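> predicted model and sequence follow; I will ask about them next.
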Amino acid sequence: MMAPRSRLDEFKEEVARIIQQVKEKDSGTWEYNWFISNDKSECEIHEGFESSEDAIAHQNNLGVTLKMFYDKFGSPYAITIYGDPSQQLLEKAKESGLEITVFSFLQGL
């Protein structure tokens with residue numbers, strides 16, 4: 001008899017499916033990395049897009065899938081945007097009801 005899957009194993013399998021969907025459907029996503037805390041209680045997703053339009057397309061591509069994922073495992077509570085998002089992207093982000101923080105690029109290498 002097989003041991004039942006743990007909640008963490010189920011979480012990891014769902015994340016792998018989401019990443020595969022991004023690979024298949026998104027064209028302007030250049031980063032989509034999931035990180036989990038050492039105690040396995042928190043997760044962060046780092047996303048990078050060519051443009052605000054690509055970020056919106058990404059959300060449209062994954063909307064239903066992410067809603068089901070968040071209903072099952074818990075929703076994010078904050079979004080941090082790095083760069084200069086379009087007004088349309090900011091409005092879409094605000095519709096989520098999450099805490100939104102925007103950092104504009106200052107300087108770097």
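Cool, the structure landed.
> partners of residue 79 in the sheet?
residue 100 (DSSP bridges).
> hang on, it packs against residue 97?
No. In this structure residue 79 lies outside contact range of residue 97 using Cβ atoms under 8 Å: 10.4 Å. No exception for glycine: its C-beta is placed from N, CA and C like everyone else's.
> mind checking the SS state of the residue positioned nearest the centre of the chain?
Centroid-nearest residue in the chain: residue 45, 5.0 Å away (criterion: Cα atoms, centre = their mean). Put simply, residue 45 is strand when judged by DSSP: H, G, I helix; E, B strand; the rest coil.
> quick one, what contacts it?
When the contact criterion is Cβ atoms under 8 Å, 6 or more residues apart in numbering, the partners of residue 45 are 32-35, 76.
> below-threshold pLDDT in this structure: ranges please.
1-4 (pLDDT under 70).
> could I get the full set of helices for it?
7-25, 52-73, 87-95 (DSSP state H).
> now do stretch 75-94: everything it contacts.
Outside stretch 75-94, the residues touching it (Cβ under 8 Å, 6+ apart) are 45, 52-53, 55-56, 59, 70, 96, 98-105.
> what does stretch 60-70 give?
By Cβ under 8 Å, 6+ apart, stretch 60-70 touches 14, 17-18, 21-22, 25-26, 59, 76.
> can you rerun that using 6 Å?
14, 25 (Cβ atoms under 6 Å, 6 or more residues apart in numbering).
> that one: which residues count as buried?
Buried residues in stretch 60-70, counted by 16 or more other Cβ atoms under 10 Å: 61-62, 66, 69.
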